[in-house]
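# This is the structure alone, sequence omitted:
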């Protein structure tokens, strides 16, 4: 071997060792999701991953294996893995299954769990973390399914109390969930962190999107669109929105952007009311900023929400919002918009709010400007990401993260 060959080999060895040290220093986060479809919590999780950049590695598991719609939102170059053969997050509760989950969580630097669908993994951590030397766990709760929209189930409250015993922290986005965490879930105040959801507000309201950005649907000059962004699930109660929309003038169309199991029920209500020419369901769109910019007004009709990203997106795009007063919606919008946040379940009043806003363009514009100013000032993604980085860094014992 020549001296040059020796130097090249030595240089290559140093580079390999440097790469190994960099990889070892890079924290590896395990994300256990109730679903990884492109809903609010998933888009927030991906936004944080993208902001943390290449200095963090991620392994992502969904309790619903086929629900992986948010995967396509992960930026190129982000170290994201989807472990094959990870134990099912949902199933009959038993010691053997919980031990399997605990063993599968070994080897990570931080474990992040999301919503009730991942609660068995939280329980496994609570029971077996010392045995298997598991990393700290931070749980995130973003709301409830239809079965707990009106009343919490006491069995789940007790299960959460036990499961969260060893958790480093519990993160919630809304005041309502903070109250639940401190009350029925009996969590210590220093463990509960309320971090409001945020978005990249600069991407909204800057320019009008292409009129044909939605699949199979184009906006023509003079069209007026009442829009919503929602997974087509029972808790969103979109048939209610169809009925409330019927009070609006004939120049308006309702555009429901999203996919899910309730599509047939929504279409049946559209047919029953004779609104097939005025209600459109174009399906899912990867980038909500492209869709919401086409709306002239925004609405929700959910039975349960906490801190819906879609409302913040509508505000950032300069839209007025009509919605039931679920979760923190009444606190999110501006005082100018407050009269159009209606009592939960009051379908007639929601319809009146839609009709009033639909008939007054000047009012919509004034409310939209106020909403946009507030969204940019209070709900930008950068502030949210800084708080999450501080929390994750503290759990990892780091002064800064990533």
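Alright, I've got the coordinates. None of these values were measured; they are calculated from a predicted model. Numbering: from 1, shown residues only.
# helix, strand or coil for residue 319?
Secondary structure for residue 319, judged by DSSP: H, G, I helix; E, B strand; the rest coil, is coil.
# The one 4 residues further on too?
Classification of residue 323 into helix, strand or coil gives strand, according to three-state DSSP.
# Let me see the contact set for the residue lying closest to it once chain neighbours are set aside.
In this structure, residue 323 finds its nearest non-sequential neighbour in residue 300, 3.9 Å apart by Cβ to Cβ, 6 or more residues apart in numbering. For the C-beta atoms, the positions are set from N, CA and C on the backbone; glycine is no exception. Neighbour list for residue 300: 228, 230, 236, 241, 308, 310-311, 321-324, 326, 329 [criterion: Cβ atoms under 8 Å, 6 or more residues apart in numbering].
# for residue 228, same thing?
Taking Cβ under 8 Å, 6+ apart, one finds 238, 241, 254-258, 298-301, 310 in contact with residue 228.
# If we use 6 Å, what do you get?
256, 299 (Cβ atoms under 6 Å, 6 or more residues apart in numbering).
# next one: residue 400
residue 393.
# quick one: residue 224 from residue 249, how far?
To residue 249, residue 224 is 8 Å away according to Cβ to Cβ, to the nearest Å.
# The two - which one has more neighbours?
Per other Cβ atoms under 10 Å, whichever of residue 224 and residue 249 has more neighbours is residue 224, with 17 against 9.
# For the more buried one, give me its contacts.
251-252, 296.
# Please apply the same query to residue 380.
Applying Cβ under 6 Å, 6+ apart, the residues near residue 380 are 198, 201.
# can we see that at 10 Å?
198-202, 312, 316 (Cβ atoms under 10 Å, 6 or more residues apart in numbering).
# Same question for residue 305.
40, 142-144, 149, 174, 176, 230, 235-236, 311, 323-329, 332, 344.
# Could you do residue 176 as well?
By Cβ under 10 Å, 6+ apart, the neighbours of residue 176 are 143-144, 304-307, 326-328, 331.
# repeat for residue 95
Applying Cβ under 10 Å, 6+ apart, we find residue 95 in contact with 124, 127-128.
# In terms of residue numbering, what are the domains of the protein?
The chain is divided into the following domains under automatic domain parsing: 26-198+381-396, 201-378.
# before we move on, the earlier item: can you pick out the most distant pair from the contacts of residue 380?
Greatest spacing in the contacts of residue 380, by Cβ to Cβ: 202 and 312 (13.1 Å).
# Who has more neighbours out of these two?
residue 312 (27 against 13).
# thinking that one is in contact with residue 331, fair?
No. With contacts counted by Cβ atoms under 10 Å, residue 312 stays clear of residue 331, the gap being 11.8 Å.
# can you list residues touching both of those two?
Common neighbours of residue 312 and residue 331, counting by Cβ under 10 Å, 6+ apart, are residue 196.
# Please tabulate the domains of the chain in CSV, including the columns mean pLDDT.
Conversion of the domains of the chain to CSV gives the following (pLDDT from 0 to 100):
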stretch, mean pLDDT
domain 26-198+381-396, 95
domain 201-378, 94
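# Make JSON lines from those and add distance to residue 402 to it.
Listed next are those as JSON lines, based on distance: least, Cβ to Cβ, whole Å:
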{"stretch": "domain 26-198+381-396", "distance to residue 402": "4"}
{"stretch": "domain 201-378", "distance to residue 402": "22"}
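# now the strands for this structure?
For the chain, the strands defined by DSSP state E cover 28-33, 57-62, 79-81, 110-114, 137-140, 169-172, 192-194, 224-229, 252-257, 279-283, 297-299, 321-324, 341-342.
# what's the spacing between stretch 372-382 and its chain's center?
17 Å (Cα atoms, centre = their mean, to the nearest Å).
# picking that back up, so which of the contacts of residue 95 wins on neighbours?
The most crowded member of these, judged by other Cβ under 10 Å, is residue 124 (28 neighbours).
# That residue contacts residue 102, correct?
Yes. Residue 124 is within contact range of residue 102, at 4.3 Å (criterion: Cβ under 10 Å).
# Now for these two: what residues contact both?
Counting by Cβ under 10 Å, 6+ apart, the contacts common to residue 124 and residue 102 are 87, 132, 134.
# just these now: which is nearest residue 113?
For those, the nearest to residue 113 is residue 134 (11.9 Å; Cβ to Cβ).
# I would like a ChimeraX command selecting only the buried ones among the contacts of residue 176, please.
Buried members of the contacts of residue 176, defined by 16 or more other Cβ atoms under 10 Å, are picked up in ChimeraX with:
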select :143,144,304,305,306,307,326,327,328
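# will you turn the contacts of residue 176 into TSV that also has distance to residue 399?
Formatted as TSV, these follow (distance: Cβ to Cβ, whole Å):
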residue	distance to residue 399
143	33
144	36
304	38
305	36
306	31
307	29
326	39
327	34
328	32
331	33
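# Report the two of the contacts of residue 176 separated the most.
Pairwise over the contacts of residue 176, using Cβ to Cβ, the maximum falls at 144 and 331, 18.3 Å.
# what sits against residue 282?
Per Cβ under 10 Å, 6+ apart, neighbours of residue 282: 213-217, 255-259, 291.
# which of the residues you listed count as buried?
Neighbour-count burial (16+ other Cβ under 10 Å) applied to the contacts of residue 282 gives 213-214, 217, 255-259, 291.
# Pull the most distant pair out of those.
So, these by Cβ to Cβ: farthest apart are 213 and 259, at 16.2 Å.
# mind listing the helices for this structure?
Counting by DSSP state H, the chain has helices at residues 3-25, 40-52, 95-104, 119-132, 154-163, 175-182, 238-245, 263-272, 288-292, 309-316, 329-332, 347-358, 361-378, 381-396.
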